[in-house]
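Colleague: Got a sequence here, can you build the structure:
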Amino acid sequence: MKRLIFLFTLFITTLGCGFAQNVTFKGTAPKAVVVGEQFRVNYTLTTPGERGKDMRLPETAGLKVLFGPTLSQQSVSTNNINGNVSTQVNAVHTYTLQAEKEGEFTISPASIKVGNSEYKSNEIKIKVLPPDQAASAASTNQQANNAESNSSSSNVGNSDIFVRMHVSKNSVYENEGFLVTFKLYSLVDVTGFDNVKFPEFEGFIAQEVDLPANQQMSLENYQGRNYRTIILKQSILYPQRSGKITIGSGKFDVNIRVRNQAQRSRSFFDDFFDTYSNVKKSVNSASATIDVKPLPAGKPSSFAGAVGEYKMTSSISTTDIKTNDPVTIKISLSGNGNIRMAKQPDIIFPNDFDIFDPKIDVSTRVSTSGGSGTKTVEYYAVPRYAGNFTIPKAEFSFFDLKTQTYKTLSTEEYILKVESDGSSNSSSSPIVSATNKEDVRFVGKDIRHIKTDGFKFQKGNFFFGTFIYWLCYLIPLFLFVALFIIYRKQVKENSNIALVRTKKANKVASKRLKQANIYLREDKKEEFYDETLKAVWGYLSDKLSIPVSSLTKDNVETELIKYGIEEDLIKEFISILNTAEFARFAPAQTHGAMDELYKQTVDAINKMESTIKK
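Modeller: Residues are numbered from 1 along each chain as shown. So this is what the prediction gives:
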């Protein structure tokens, strides 16, 4: 009876835990709003069947709840897999709030009951911006301008849209990383970009920060105006020399959607017949000068330019081995800084060891806070004779930005005991003959001489000496030479990685475009544009033998001109890249626009294949 009670309790507990794991409760809200603006906070509840009840939202000073919660959306789905029927309920509960004052606010977790359990959502942070002080004045000026001129409605001022270059630090040390952000500020509707040119970052090593694929515009108050902003590019820069280094300005041709207004008095019904047109405006980001300070004196002998904060560990595969057995020393270097360019410490093996090239594995992460990662180096060596050997410490020095001092890390000192494996090259003598690496035995007694005198091949009716007899030798010889030439040619071609990538460029791009077509049929806009970009950039990288990380629209255009590609086809590729890259900045794209971009991409790659033949 006690066992039954225990098993029943365990079953109920497990069932409840499984149920709890299938319940999610998450809140979302805009990142920034304006004082006096009404906005919605949505809480999405997902349960395996049972609906939520008794939802509560704690009060937040400065944010007034106007009404809610209201069930704005609900869906129920049922799945039947092998006779197991499961139900999932998705419900969106909405509150409408109003921002009463400026500042940053945190909405505490909301709560809801599902069955006998209570669940809490995540915290939500919202920034409340001040009112747009220049909005009313700008509106008055715009009405006056419309009355004066018929075409002035198409004019967009420099304060209506611009790009700013944010630099996280203006004064750094050599090889100290800092963040550069290019951000678009706009009061108008942006539909796309053309001829985007970011600075070249001369004098710096640049590592680009990956931006979210589903990045959305947000509000930001700048000089009294509330702009819609979006990040265009973020990079971590590492200066390679001291002195004043200038980051040049960027240039951007922005396509803007504006309303056409006629020079006449307007009525209420005229608003229904407004037409729009696209206007192109060129905007430039201002340049910036960085003061790069030289590293202080007193550099250690093992210092090779590393700046940041690092840690180092080392290990050895074994300290007791036999001759001709390999030994491995592994060094792991991790920390914050330009880990990819950091020079690894060198392990010094004894002279009588066979030393092989080290295996290096680098894993890096680039974020807005800087670069970080791990570099793992494995050193291989083989002792050729017995004895006791000392492998000295290896040192790695870096400049610590926190303490403004040089620090030195070192590995352990290893004592290696090598025993003889019994072979002839395991003696204590350091001189090893090249012929004694294998044991050779001479067995003269077993050799029987072949008699060559007094034996002749006969011609005549025999097969020997006939034309067919010689063909049996010549045909295999000819086939061997031909196959050898073909094999050598294939080896040569395969060793040329650039040529192999060029030949396979169309095949790789076709696979990616097939995946993009799947996203197109499923109407997954973000995935479609992302896969199309990968296909085009990857194709150009393979075809032009340029790494994707080094590709820009400028060097793509330059290289295609060298290949003799027609200007119309070059513009078509640049147009495809611009459309796919900046589709996220435009209003929701129609399925027809996506289909047109897909056909344009396939057609452009086919034209390129027929032009460039390697």
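
Colleague: Check the gap between Ala286 and Met165 for me.
Modeller: Distance check for Ala286 against Met165: by CB to CB, to the nearest Å, it reads 6 Å. The C-beta positions use only the backbone N, C-alpha and C, and glycine is treated the same way.

Colleague: got it, and Gly308?
Modeller: For Gly308 relative to Met165 (CB to CB), the value is 24 Å.

Colleague: List the contacts of Leu187.
Modeller: Leu187 makes contacts with Ser159, Asp160, Ile161, Arg225, Tyr227, Arg228, as judged by CB atoms under 8 Å, 6 or more residues apart in numbering.

Colleague: swap the cut-off to 6 Å and go again
Modeller: Asp160 (CB atoms under 6 Å, 6 or more residues apart in numbering).

Colleague: Now it, what are its backbone angles?
Modeller: In terms of degrees, to the nearest 10, the main-chain angles of Leu187 are phi -110, psi 0.

Colleague: ok, now how distant is it from Leu219?
Modeller: Per CB to CB, Leu187 is found 11 Å from Leu219.

Colleague: Check Val307 too.
Modeller: Taking CB to CB, one finds Val307 at 37 Å from Leu219.

Colleague: now do Gly52
Modeller: When distance is defined by CB to CB, Gly52 is 31 Å away from Leu219.

Colleague: And those two? Which one has more around it.
Modeller: Neighbour count, other CB atoms under 10 Å: between Gly52 and Leu219, Gly52 has more, with 23 against 18.

Colleague: The closest residue to that one other than its chain neighbours: what secondary structure?
Modeller: Leaving aside its sequence neighbours, Gly52 sits nearest to Ile112 (CB to CB, 6 or more residues apart in numbering; 4.3 Å). Recorded secondary structure, Ile112: strand (DSSP: H, G, I helix; E, B strand; the rest coil).

Colleague: Spit out the contact partners of Ile112.
Modeller: Taking CB under 6 Å, 6+ apart, we find Ile112 in contact with Gly52, Met55, Tyr119.

Colleague: OK, contacts around the first one?
Modeller: Residues in contact with Gly52, defined by CB under 6 Å, 6+ apart, are Leu45, Ile112, Val114.

Colleague: And Ala286 and Met165? Which one has more around it.
Modeller: Legend: neighbour count by other CB under 10 Å for Ala286 and Met165, higher for Met165 (21 against 12).

Colleague: Could you pull out the buried residues of the helix or strand the more buried one falls within?
Modeller: Per DSSP states H and E, Met165 falls inside strand 161-167. Neighbour counts over strand 161-167 (16 or more other CB atoms under 10 Å) mark Ile161, Phe162, Val163, Met165 as buried.

Colleague: roughly how far is it from the heart of the chain?
Modeller: Distance of strand 161-167 from its chain centroid, counting by CA atoms, centre = their mean, to the nearest Å, is 23 Å.

Colleague: and what of stretch 64-72?
Modeller: Worked out by CA atoms, centre = their mean, stretch 64-72 lies 40 Å from the chain centre.

Colleague: Restricting to C-alpha, output that stretch in CSV.
Modeller: The C-alpha atoms that make up stretch 64-72 are tabulated as CSV, following Å, rounded to 0.1, in the frame of the first residue of the first chain:
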residue,chain,number,x,y,z
LYS,A,64,-0.4,54.7,-16.1
VAL,A,65,-2.5,51.7,-16.9
LEU,A,66,-5.5,53.0,-19.1
PHE,A,67,-7.2,49.7,-19.5
GLY,A,68,-6.5,46.0,-19.7
PRO,A,69,-6.0,43.2,-19.6
THR,A,70,-7.8,42.4,-22.8
LEU,A,71,-7.6,39.1,-24.7
SER,A,72,-6.4,40.5,-28.1
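
Colleague: Tell me where the model's unsure across the stretch 351-500 of the chain.
Modeller: 423-465, 490-500 (pLDDT under 70).

Colleague: Please enumerate the helices of it.
Modeller: 467-495, 497-521 (DSSP state H, counting those that start in this stretch).

Colleague: Show me what the longest one packs onto, helices and strands only.
Modeller: Which is helix 467-495. Using 3 or more CB pairs under 6 Å, 6 or more residues apart in numbering; DSSP states H and E, no helix or strand is in contact with helix 467-495.

Colleague: Run the chain-centre distance for it.
Modeller: Helix 467-495 sits 47 Å away from the centroid of its parent chain (CA atoms, centre = their mean).

Colleague: picking up where we left off before, and the strand holding Met165, what does it pack against?
Modeller: So strand 161-167, by 3+ CB pairs under 6 Å, 6+ apart, packs with strand 178-186.

Colleague: Leu295: neighbouring residues, count only.
Modeller: As a burial measure, Leu295 scores 17 neighbours (other CB under 10 Å).

Colleague: hmm, who's touching the host helix or strand of Lys330?
Modeller: Using DSSP H and E, Lys330 maps to strand 327-337. By CB under 6 Å, 6+ apart, the residues outside strand 327-337 that reach it are 307-317, 321, 347, 370, 372, 374-381.

Colleague: Show me those that map onto strands.
Modeller: 307-316, 321, 370, 372, 374-381 (DSSP state E).

Colleague: Met608 sits in which helix or strand?
Modeller: Following DSSP H and E, one finds Met608 within helix 591-611.

Colleague: Distance from that helix to the middle of the chain?
Modeller: 25 Å.

Colleague: list the buried ones in that helix?
Modeller: Met594, Leu597, Tyr598, Gln600, Thr601, Val602, Ala604, Ile605, Lys607, Met608.

Colleague: Apart from its neighbours in sequence, what residue is nearest Leu540?
Modeller: Counting by CB to CB, 6+ apart, Val556 is the residue found nearest to Leu540 once chain neighbours are left out, at 5.6 Å.

Colleague: okay, the one you found: pLDDT?
Modeller: pLDDT, Val556: 80.

Colleague: isn't there a strand covering it?
Modeller: No: per three-state DSSP, Val556 lies outside any strand segment and is helix.

Colleague: where in this protein is pLDDT low?
Modeller: Residues of the chain meeting the criterion pLDDT under 70: 1-21, 78-86, 134-154, 261-274, 423-465, 490-503, 548-550, 584-591, 613-614.

Colleague: quick check: domain ranges of it?
Modeller: 2-129, 135-293, 303-425, 497-611 (automatic domain parsing).

Colleague: Adding distance to Thr466, write the ones you listed out as TSV.
Modeller: Putting the domains of the chain into TSV (distance: least, CB to CB, whole Å) gives the following:
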stretch	distance to Thr466
domain 2-129	74
domain 135-293	73
domain 303-425	52
domain 497-611	46
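
Colleague: Give me the buried positions along the helix or strand harbouring Ser575.
Modeller: Assigned by DSSP H and E, Ser575 belongs to helix 567-581. Neighbour counts over helix 567-581 (16+ other CB under 10 Å) mark Ile570, Glu572, Phe573, Ile574, Ile576, Leu577, Asn578, Thr579, Ala580, Glu581 as buried.

Colleague: Distance to Phe67 added to the residues you listed, as a markdown table?
Modeller: Below are the buried residues of helix 567-581 laid out as a markdown table (distance: CB to CB, whole Å):
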| residue | distance to Phe67 |
| --- | --- |
| Ile570 | 56 |
| Glu572 | 52 |
| Phe573 | 52 |
| Ile574 | 50 |
| Ile576 | 47 |
| Leu577 | 46 |
| Asn578 | 44 |
| Thr579 | 42 |
| Ala580 | 41 |
| Glu581 | 41 |
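
Colleague: Closest to Pro30 out of the residues you listed?
Modeller: Glu581 (24.5 Å; CB to CB).
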